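Asks: okay, predicted coordinates and the sequence, questions at the end:
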Amino acid sequence: MKKLRFRYMGEEFEGTFDNGVIVDSKGSVYDPRDIDWLPPSKPRNIVGLALNYGKHAEELGLKASEKPVLFLKPVSSLTGHMSNIIRPSGTKYVHYEGELAVIIGKRCRNVSIREAMEYVLGYTVANDVTARDFITNMFRPPVQAKGYDTFCPVGPWIVTKDEIPDVHSLEIITKVNGEVKQKDSTSSMIHRVEEIVSHISSFMTLSEGDIILTGTPEGISPVKHGDVIEVTVEGIGTLRNNIVDEG
Ligand code: MG
């Protein structure tokens with residue numbers, strides 16, 4: 001099932017996407033061209049993984065680590081499919097990062113790797129937009145780099161996990177203006193979904209709707225005003241956003 005949230009005539013709805021149309025929880029049908037796409041979940045927390053693909057770590061001159069390296073992305077950075085990503089004035093290195101995102105289905109704490117998938121609702125597509133201008137030293141909690149408004153587009157929908165037989169064999173592609181910039185498979189992920197959920201839950205409570213960004217493959221590059229970024233994860237969908245300069 002494809003679950004989504006959207007805005008229509010100023011009101012917010014939850015619904016599903018099926019056969020090219022959107023159906024809300026009361027059964028009303030909408031044309032996707034008539035709605036505004038909202039992030040498909042309402043998280044309390046958004047947790048990101050750094051360096052979860054070996055070749056991306058290499059392109060940054062870094063080594064992948066044994067334990068997942070984590071950061072938090074503020075909920076205020078969320079935005080939906082088809083919305084604008086605002087490039088802050090004065091930045092030179094705003095990068096897309098196409099990623100598979102995991103959506104938590106129920107509250108969990110201290111779950112084992114074996115139990116972890118029971119707490120996963122499904123998956124969506126994310127762009128972990130990053131202003132590398134602000135990653136400047138070794139002690140670098142990337143709050144500003146990762147945290148601007150609109151720096152966390154996700155969507156268009158959540159595909160429930162029953163429809164994804166193997167989350168670790170999905171092709172992931174990022175295009176800028178139609179040109180392929182990132183192309184890899186989730187089979188290249190160093191830390192796998194069950195391990196990531198188990199690890200995060202070992203120190204913080206994960207809640208229904210929480211989003212985990214599982215890291216990006218190699219091929220990042222700066223974007224500019226007018227660029228169109230499309231991230232596609234096989235079996236899930238395509239997340240599309242435009243870059244617009246601030247002001
Ligand atoms: Mg990332």
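Replies: All right, it came through fine. The shown structure was predicted, so the numbers you read here are calculated from the model rather than taken from an experiment.

Asks: which stretches of the protein have low pLDDT?
Replies: Scanning the chain for pLDDT under 70 picks out 137-140.

Asks: what residues does it have near the ion?
Replies: Counting by Cβ under 5 Å from the ion, the chain comes close to the ion at E97, D128, T216. Yep, even glycine has a C-beta here, placed from its N, CA and C like the rest.

Asks: redo that, cut-off 6 Å
Replies: In this structure, the chain approaches the ion at residues G48, E97, E99, D128, L213, G215, T216, judged by Cβ under 6 Å from the ion.

Asks: got the phi and psi for the third one?
Replies: The one in question is E99. The phi and psi torsions at E99 (degrees, to the nearest 10) take the values phi -150, psi 150.

Asks: near it, how many other residues are there?
Replies: By other Cβ atoms under 10 Å, 30 other residues sit near E99.

Asks: list the contacts for it?
Replies: V125, A126, N127, D128, I172, L213, T214, G215, T216, V231 (Cβ atoms under 8 Å, 6 or more residues apart in numbering).

Asks: return the distance of it relative to T205.
Replies: Applying Cβ to Cβ, to the nearest Å, the value for E99 to T205 is 23 Å.

Asks: ditto for the second one
Replies: Plainly put, E97 is 26 Å away from T205 if you go by Cβ to Cβ.

Asks: more crowded one of the two?
Replies: Neighbour totals were compared for E97 and T205, and E97 leads with 23 against 14 (other Cβ under 10 Å).

Asks: residue contacts, the more buried one?
Replies: Residues touching E97, when contacts are defined by Cβ under 8 Å, 6+ apart, comprise N127, D128, V129, T130, T174, T216, I220.

Asks: could those residues go into a markdown table alongside secondary structure and neighbour count?
Replies: Listed next are the contacts of E97 as a markdown table, based on DSSP: H, G, I helix; E, B strand; the rest coil; neighbours: other Cβ atoms under 10 Å:
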| residue | secondary structure | neighbour count |
| --- | --- | --- |
| N127 | strand | 28 |
| D128 | coil | 28 |
| V129 | coil | 27 |
| T130 | strand | 25 |
| T174 | strand | 26 |
| T216 | coil | 29 |
| I220 | coil | 21 |
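
Asks: of those residues, which is the nearest to K2?
Replies: Proximity to K2 was ranked across the contacts of E97 by Cβ to Cβ; first place goes to N127, at 18.7 Å.

Asks: ok, what's across the strand from the closest residue to S83 other than its chain neighbours?
Replies: Take S83 and drop its neighbours on the chain: the residue closest to it by Cβ to Cβ, 6 or more residues apart in numbering is N241, 6.0 Å away. Here N241 sits in beta bridges with I229, going by DSSP bridges.

Asks: contacting residues for N241?
Replies: Under the criterion of Cβ under 8 Å, 6+ apart, the contact list for N241 reads T79, H81, M82, S83, N84, I85, N127, P153, V228, I229.

Asks: biggest separation within the residues you listed, which pair?
Replies: Farthest-apart pair in the contacts of N241 is T79 and V228; separation 14.9 Å (Cβ to Cβ).

Asks: mind listing what's buried along the longest helix belonging to the chain?
Replies: Secondary structure of the chain read by DSSP state H shows that its longest helix is helix 193-201. The neighbour-count criterion (16 or more other Cβ atoms under 10 Å) identifies V193, E194, I196, V197, S198, H199, I200, S201 as the buried residues of helix 193-201.
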